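**Q** return a 3D structure for these sequence lines:
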Amino acid sequence: MLGHGNSCVKRRLQCWALALYVALCILWRSPPFRRDSDPGAFALPLPGRTGGQEPPEPEHENQFVIDVANELWFAADDLLTAGSFMGDEGWANRGESPATLGAVGIAMRNSAEALLFADWWTVAGELEVAGASGDFYFEEQDFLDMTQALPEEFDRWGPEEASASSSSAQVALRRLSRVMDDLAERVGNGSVAGQALRRSAENWRRCARLLAGQEADAEEQS
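**A** Reported below is the predicted structural model:
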């Protein structure tokens with residue numbers, strides 16, 4: 001029981017640290033241009049890249065893990081982009097929480113990078129931090145379901161193994177994507193934040209398709 005309590009305290013402290021860090025993150029990713037004219041004038045590709053940002057080079061050769069990690073990384077990076085622009089545009093005063101997007105984005109990107117660096121022990125922990133810090137928008141259980149899809153041996157993780165054990169994670173990822181689509185509608189699909197949110201949603205769906213043993217570019221089934 002004591003160990004469990006210490007684990008909870010540690011996780012909550014991590015969340016508080018993330019919340020403090022988000023302010024710095026928003027400053028770091030502050031928009032390089034102003035939106036004094038039409039906010040819909042910015043057209044960012046879907047699914048796309050956020051101004052040259054790219055995941056780090058992998059330190060292993062499991063292409064399936066690399067593909068999953070890249071989708072998660074881009075989804076997370078766009079959460080940071082959306083949080084930055086929403087914070088700059090005052091959405092925190094209009095019932096939204098840019099800081100939540102930043103906190104979840106940081107933890108998810110850390111988790112994706114752990115996949116690329118073969119730092120397997122960190123992957124689940126960062127997913128748990130994302131779940132604990134994202135309750136303004138997300139269900140914590142969705143992130144816990146994602147941890148349940150992680151294999152015991154990442155070196156052998158592939159589409160067949162994933163599709164047999166990740167049904168809950170696939171549902172969770174699609175639910176996360178719907179949350180992002182809904183938020184994009186509220187802040188404006190044509191805005192920079194809205195486009196970033198839609199990109200993030202699409203990357204969640206692409207990751208879900210990979211876990212289902214499909215190609216990331218496969219047509220989404222209803």
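
**Q** which parts of the protein are helices?
**A** 2-28, 63-88, 98-116, 120-133, 140-148, 159-165, 167-187, 192-211 (DSSP state H).

**Q** and of these, who's closest to P55?
**A** When these are compared by C-beta to C-beta, helix 63-88 sits nearest P55, at 4.2 Å. (Each C-beta comes from the backbone N, C-alpha and C, glycine too.)

**Q** now the closest one: average pLDDT?
**A** Regarding helix 63-88, the rounded mean pLDDT is 96.

**Q** again with stretch 196-205
**A** 97.

**Q** cool, and stretch 150-158?
**A** The model assigns stretch 150-158 a mean pLDDT of 88.

**Q** quick one: end-to-end length of that stretch, please.
**A** 11 Å (C-alpha to C-alpha, to the nearest Å).

**Q** neighbouring contacts of it?
**A** 60, 62, 64-65, 115, 118, 120, 123-124, 161-162, 165 (C-beta atoms under 8 Å, 6 or more residues apart in numbering).

**Q** quick check: buried residues in it?
**A** By neighbour count on 16 or more other C-beta atoms under 10 Å, the buried set for stretch 150-158 is 150, 157.

**Q** before we move on, what about stretch 168-181?
**A** 169-170, 172-177, 179-181.

**Q** name the residues that touch it?
**A** Under C-beta under 8 Å, 6+ apart, the answer for stretch 168-181 is 137-139, 141-143, 145-146, 148-149, 197-198, 200-202, 204-205, 207-208, 211-212.

**Q** put the alpha carbons of it into PDB.
**A** Provided in PDB are the C-alpha atoms of stretch 168-181 (Å, rounded to 0.1, in the frame of the first residue of the first chain):
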ATOM      1  CA  SER A 168      -9.300  -1.300 -26.300                       C
ATOM      2  CA  ALA A 169      -6.400   0.900 -27.300                       C
ATOM      3  CA  GLN A 170      -7.800   1.300 -30.800                       C
ATOM      4  CA  VAL A 171     -11.200   2.400 -29.300                       C
ATOM      5  CA  ALA A 172      -9.300   4.800 -27.000                       C
ATOM      6  CA  LEU A 173      -7.300   6.300 -29.800                       C
ATOM      7  CA  ARG A 174     -10.500   6.900 -31.900                       C
ATOM      8  CA  ARG A 175     -12.200   8.400 -28.900                       C
ATOM      9  CA  LEU A 176      -9.300  10.800 -28.400                       C
ATOM     10  CA  SER A 177      -9.500  11.700 -32.100                       C
ATOM     11  CA  ARG A 178     -13.200  12.600 -31.800                       C
ATOM     12  CA  VAL A 179     -12.400  14.900 -28.800                       C
ATOM     13  CA  MET A 180      -9.800  16.700 -30.900                       C
ATOM     14  CA  ASP A 181     -12.200  17.000 -33.900                       C
END
